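Peer 1: attaching a predicted model along with its sequence, questions to come.
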Amino acid sequence: MPTPYETPIGSWTRPTTFFWAATGATFGLANVWQFPYLAGNHGGGLFILLYLLCLVLITLPLMATESAMGRHSRHGLVLAMDGYMRMAGRSRWWVWAGRFGILASFLVLSFTAVFGAIALAYVFYGAMGRFIGAGEAEAAGMLSALVSDPKDYRIFMAWHGFFLLLVIWVSMQGVVDGIERAVRVVAPLMLLMLVVLCGLAMWTGEFRSASDFMLSFHHEDVTTDSLHAALFHAFFTLGLGMGVWTLFGAYTPAGTHLKRSVVAVVLMDTLIAIVAGLAIYSLVPGGHAMEGERGFGLLFLSLPVALSDLPGSQFLIATVFLVVVMIVWTTSLALLEPVVGWFREWTAAPRGWSVFLMGVLVWLVGLGSLLSFNVWLEQRFAGGTVFRWLELATGGLLIPLVSILVAVFAGWCLTRNLTFTILGRTPGLFRWIWFWVMRLVLPLVVAYIGIQYTSVSLAAMCNNGGAVLWCGPAEAMAREPEGRQGPEDDPQETESAETTDGHENDTGEDDGAEPPEKESDNKEDGANGSEGGPNDGEILYHSV
């Protein structure tokens, strides 16, 4: 492929590494704090089937495309688009699809690391017994002191820096000695620990109640909102539109069955989400009481409180949050790699210096999100904090835009022979379904997701008192002064639900399927405002 520069950026040594790396990259916090809630409140097993259908028809074709483009070109997303654009004689503007994808990965990593810092701190809090016998007020106080205290924010910054150092140190070791070795150890260990926790839940917890909540078929709960929730969750939780899959495809060695691996990753991601949900909702006493909860408040408030009175809670809480750290850490490694790969291909700089420089930039930008929860909490632009705008820029604009551009480019700008060559050997039926999904279905669906995500998020900001152009009289009347207490009361539970539908973490869950009061009642006090930490409406699907 003709390119202005050729810089080898690395390769896995084993065919199975793609599976483990992609599994670690795609299983994020959204699958822990959002998927169980969505499944339980949108029909249980029927929602899971609906979710799998959305994956097959929408997500899998795009994942296969991004991975195949990387494997065929042996480059990251920017140079892959550059090379294919030259081969097809298309406008050089198409290369911006790759650049926007790298920018999205960089920004998502910047605030994902903030959540990793909180989880890392909780490992030590749990090990030191700080949650033993703690009630909701005590747990909320600990969270507030860590996240939102404007006087002690430097402690939060220290945890943030510590977490990023763990990511940067491994990445600096190289593609093989660092990332490949890490994911081949950490990803299976993370799965094993989840299985052990689920086994413990089956032995001592309320497993039957949790399994009925998540897995039984509840026809009466399935509505159009269920399809909406499944669609948004399927799109935002698998790392699309950020160059991760393209680079991992470029790293695959000969003998890797790429399309089979992509399908296996999707199935494993769903299975782990189910196991994690069963463990959470059955391990704690009265787990059914948490079935209406999700998001930040569920993970960092309700869960440690529920575990605090169990025998061995000190060890149990530390273990649970160690698993959470592994989840965010492997995701962060994956998000950093496209940024580093792009910088090396652009400058031919040594890997060590590239990782260090990009890591420092991620830390600096991440401080904007971190300070949005404390020192800069009152510093809002058009109703949103720095954190809120970064999430909106990535979830509402960059990720959908890159996905649409890649789909349109593959479906309309390349010749069919070249397109099918990039895709590789595939059954004829799958190949034609893939081709027309990329051409027609995926661009329209993703455009809807991006527009819905953006419109609901912008409307939610009106609740923060921002006098902005898009806030009409109705929104202005609905503004509540108290909303300014929380990092982002913006999406009140109601909007949260919609905003969520397509958001990274907890957002899309409500998707209109749940009454706002449920969430509000359970968590507002803990996850918002004075208690510190973002509320569920401001965390998007792609965050983690």
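Peer 2: The structure has been received and is ready for your questions.
Peer 1: report the separation between the residue at the greatest distance from the centre of the chain and Cys413.
Peer 2: Ranked by distance from the centre of the chain (CA atoms, centre = their mean), the top residue is Gly89, with 35.2 Å. Using CB to CB, to the nearest Å, we find Gly89 at a distance of 9 Å from Cys413. Where C-beta positions appear, they are placed from N, C-alpha and C, glycine not excepted.
Peer 1: how about Thr385?
Peer 2: Shown here: Thr385 relative to Cys413, a distance of 38 Å by CB to CB.
Peer 1: same question, Gly199
Peer 2: When CB to CB is applied, the distance between Gly199 and Cys413 equals 50 Å.
Peer 1: mind listing what's buried along the lengthiest helix in the chain?
Peer 2: Of all segments of type helix in the chain, defined using DSSP state H, the longest is helix 313-347. Within helix 313-347, the residues that count as buried by 16 or more other CB atoms under 10 Å are 313-314, 316-346.
Peer 1: now do that helix: distance to the chain's middle.
Peer 2: Between the centre of helix 313-347 and the centre of its host chain there is 11 Å, according to CA atoms, centre = their mean, to the nearest Å.
Peer 1: what pLDDT, on average, does it get?
Peer 2: When the per-residue pLDDT values of helix 313-347 are averaged, the result is 93.
Peer 1: so after it, what's the next helix or strand?
Peer 2: For helix 313-347, the following helix or strand on the C-terminal side (DSSP states H and E) is helix 351-371.
Peer 1: Trp159 reaches Ile118, doesn't it?
Peer 2: Yes. Applying CB atoms under 8 Å as the test, Trp159 and Ile118 come out as touching, 7.3 Å apart.
Peer 1: before we move on, back to that, Thr385 and Cys413: which has the busier surroundings?
Peer 2: Set Thr385 next to Cys413 and count neighbours by other CB atoms under 10 Å: Thr385 wins out with 26 against 17.
Peer 1: show the model's pLDDT score for the residue nearest to that one when sequence neighbours are not counted.
Peer 2: Among residues not flanking Thr385 along the chain, Ser372 sits closest, at 3.8 Å (CB to CB, 6 or more residues apart in numbering). pLDDT, Ser372: 91.
Peer 1: for the one 10 residues further on, same thing?
Peer 2: At Ala382, the predicted lDDT confidence score is 77.
Peer 1: quick thing: my sequence starts at 151, can you match it?
Peer 2: Will do, 151 is the new start, and the previous item becomes Ala532.
Peer 1: now Val556: how far from Ala214?
Peer 2: Computed with CB to CB, the distance linking Val556 and Ala214 is 11 Å.
Peer 1: these two - which one has more neighbours?
Peer 2: Residue environment comparison for Val556 versus Ala214 gives the larger neighbour count to Val556, 30 against 22, counting by other CB under 10 Å.
Peer 1: that one against Leu212, yeah?
Peer 2: Yes. Between Val556 and Leu212 a contact is recorded at 7.0 Å, counting by CB under 8 Å.
Peer 1: still on that earlier bit, give me the common contacts of Trp309 and Ile268.
Peer 2: Listed as contacting both Trp309 and Ile268 by CB atoms under 8 Å, 6 or more residues apart in numbering are Leu296.
Peer 1: compare these two (neighbour count), which wins?
Peer 2: Ile268 (26 against 22).
Peer 1: what segments of this structure are strands?
Peer 2: Under the criterion DSSP state E, the chain contains strands at 654-655, 690-691.
Peer 1: tell me, which of those is the model least confident about?
Peer 2: Taking each of the strands of the chain in turn, the one with the lowest mean pLDDT is strand 654-655, at a mean of 39.
Peer 1: around Ser553, count how many other residues there are.
Peer 2: The number of residues packed around Ser553, counting by other CB under 10 Å, is 29.
Peer 1: for it, give its distance to Pro403.
Peer 2: If you measure Ser553 against Pro403 using CB to CB, the figure is 27 Å.
Peer 1: contacts only, for Thr571.
Peer 2: With contacts taken as CB under 8 Å, 6+ apart, Thr571 has the following neighbours: His222.
Peer 1: which residues does the nearest residue to Gly276 once chain neighbours are set aside contact?
Peer 2: With CB to CB, 6+ apart as the measure, Ile467 is the residue that lies nearest to Gly276, at 3.3 Å, once sequence neighbours are left out. With contact set as CB under 8 Å, 6+ apart, Ile467 has these partners: Tyr272, Tyr275, Gly276, Phe281, Pro454, Leu457, Ser458.
Peer 1: nothing else from me, thank you.
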